[in-house]
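Attaching a predicted model along with its sequence, questions to come.
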Amino acid sequence: MPSSRTTLRLDSLHAAPFYAGFVVAGMATVLLGPILPILSARWSLGDLQAGSLFAVQFAGSTLGAVLASHFRRGCLIFGYASVAAGLAALALDRQWLALPAFALVGVGLGSATTATNLLFGLERPEDRGTLLTRVNLFWGVGAVSCPPFIASAVGPGAYRIVLLGLSICAAGVFVALASVVGKRKSAEPGEVGLPEGGGRMSVAVFLLFSLLLFLYVGGETSISGWIASYAHRCAGLNPEKSSLFVSIFWLSIVIGRLITPYVSRLASEFTVLLSGVVAASIGVATLLVSQTMLISLASVVLAGLGCAPIFPLTVARLLARIGHSRHAGWIFAICGSGGAVLPWLTGFYSAYEGSLQMAFIVPLIAMGGVFALILLERSLPVSPPVSKAVLP
């Protein structure tokens, strides 16, 4: 149990900016998925070109996560400033600005979300699974909220207003977090602080969790990023309606994260984690063979429910092993690069085969790898992490 000197009051108003920030982060992370059919039609993008947008955003996210491993406090605050700037640039609706805009968004998301996940995962070790599930639930709320806004933006003017509004929200979170974290030096015991310090981890743990999270984030991003285009082509929906498939996917994740703490009381977290991977794999596999809208919809729901517990519970298992190690930021960086590589690979395979439906073999293989690595992780010996107090 942390002492009163190290306890972060995550249920107090001090934590509200973190939750609000994750709502904004969720919207910004999945933004490319629902707007991809619109951008592809407006700028005549092929699947390979569209996949490059994913690569740029998540390559930026990788850089942001690396920075967060060394400058957690600064990255937590200025990450949202970078997101705000990127969204504002994207609102200008110029194709030549798309790549730098998504790069700015990616750097900001990688910085802010990595710092926040480390904070919530390290403060109360006995509750880290629940706390990480909760904060990522707010991320899911943002991810669900984004596609309806995009679907309503049928005209260029409305589209730009939505992006500007989201940019303003990110700037508001920046101001709020700057105020909260800026008080840290004079804070009373129990107020918000950011974990600092070092620790050690084995090479095996580093490689295993890096690959596991690389495959999961890449697989999840491939599903959310391409499912709108899948619905447009395979189910015959227009670009506006097809973006709702993205909402359904993230709504399923939100529902799954709502029930995960309760399910974990009935079964072990390991069982819940493994069951989630199996469910997600079945959902993705069904997309490879389904042709009707209803079957595709059911597959997306199952994939979302299965994905729900994977990230928070995997991060909880990681932090249980490594504590306050600064190397955690590198693992988040590598997992963010999965969001750059696998969606691009999905687009490449789609262009090569001439079938986006068959390209969903990429996230299916990724989920298979996640399943195998989770089983392997359980066989690794657990060493008590070396850590420091959260507040000096």
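All right, it came through fine. Everything numeric in this text was worked out from a predicted model, so none of it was measured.

The residue nearest to residue 172 when sequence neighbours are not counted: which element?
Spatially, and ignoring its direct neighbours in sequence, residue 172 is nearest to residue 20 (7.9 Å; CB to CB, 6 or more residues apart in numbering). To be clear about C-beta, it is placed using only N, CA and C from the backbone, and glycine gets the same treatment. Residue 20 belongs to helix 16-30 when assigned by DSSP states H and E.

What mean pLDDT does that helix get?
The average pLDDT within helix 16-30 is 88.

What are the buried residues along the helix or strand following that helix?
Next helix or strand after helix 16-30 toward the C-terminus (DSSP H and E): helix 32-43. Going by neighbour count (16 or more other CB atoms under 10 Å), the buried part of helix 32-43 is 32, 33, 34, 35, 36, 37, 38, 39, 40.

Kindly state the pLDDT recorded for the second one?
Residue 33 is assigned a predicted lDDT (pLDDT) of 72.

Can you give me the distance of it to residue 150?
9 Å (CB to CB, to the nearest Å).

what is in contact with the two at once?
Common contact partners of residue 33 and residue 150 (CB atoms under 8 Å, 6 or more residues apart in numbering): residue 243.

Leaving out the residues flanking it, which one is nearest to residue 267?
residue 275 is the one closest to residue 267 (CB to CB, 6+ apart), at 7.8 Å.

element containing the one you found?
Assigned by DSSP H and E, residue 275 falls in helix 269-287.

cool, and residue 333?
Residue-wise, residue 333 maps onto helix 328-353 under DSSP H and E.

Extract the C-alpha set from the following helix or strand past that helix and format it as PDB.
Sequence-wise, the next helix or strand downstream of helix 328-353 (DSSP H and E) is helix 356-359. Extracted C-alpha coordinates of helix 356-359, given in PDB (Å, rounded to 0.1, in the frame of the first residue of the first chain):
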ATOM      1  CA  LEU A 356      -9.900  -5.200 -48.600                       C
ATOM      2  CA  GLN A 357     -11.900  -8.100 -47.100                       C
ATOM      3  CA  MET A 358      -9.000 -10.500 -47.500                       C
ATOM      4  CA  ALA A 359      -6.600  -7.900 -46.100                       C
END
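
Next up, phi/psi of residue 45, please.
Dihedral pair for residue 45: phi -90, psi 140, per degrees, to the nearest 10.

now do residue 309
Taking degrees, to the nearest 10, you get phi -90, psi -10 for the backbone angles of residue 309.

That one reaches residue 272, doesn't it?
Yes - if you go by CB atoms under 8 Å, residue 309 and residue 272 touch, sitting 5.2 Å apart.

what is in contact with these two at once?
260, 263.

In terms of neighbours, single out the busier of these two.
Ranked by neighbour count (other CB atoms under 10 Å), residue 309 and residue 272 place residue 309 first, with 30 against 22.

who's in contact with the more buried one?
133, 256, 257, 260, 263, 272, 273, 276.

same thing but at 7 Å, please
Going by CB atoms under 7 Å, 6 or more residues apart in numbering, residue 309 touches 256, 260, 272, 273, 276.

what about burial for those residues, which qualify?
Burial by neighbour count, 16+ other CB under 10 Å: within these this picks out 256, 260, 272, 273, 276.

Reformat the residues you listed as CSV; add pLDDT.
Listed next are the buried ones among the contacts of residue 309 as CSV, based on pLDDT from 0 to 100:
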residue, pLDDT
256, 91
260, 87
272, 93
273, 94
276, 95
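
The helix or strand encompassing residue 173 packs against which elements?
Counting by DSSP H and E, the element that carries residue 173 is helix 156-182. With contacts defined as 3 or more CB pairs under 7 Å, 6 or more residues apart in numbering; DSSP states H and E, helix 156-182 has these neighbours: helix 16-30, helix 72-90, helix 128-152.

So which of those is nearest residue 117?
Evaluated over the helices and strands packed on helix 156-182, closeness to residue 117 peaks at helix 128-152, with 6.6 Å, by CB to CB.

SS state for residue 381?
Secondary structure state of residue 381, per DSSP: H, G, I helix; E, B strand; the rest coil, is coil.

can you list the residues that contact stretch 64-76?
Contacts for stretch 64-76 (CB under 7 Å, 6+ apart): 79, 106-112, 114-116, 118, 177, 181, 194, 326, 328-330, 332-333, 336.

how would you label the closest residue to residue 40 other than its chain neighbours: helix, strand or coil?
Once flanking residues are discounted, residue 40 sits nearest to residue 50: 5.6 Å by CB to CB, 6+ apart. The three-state assignment at residue 50 reads helix, by three-state DSSP.
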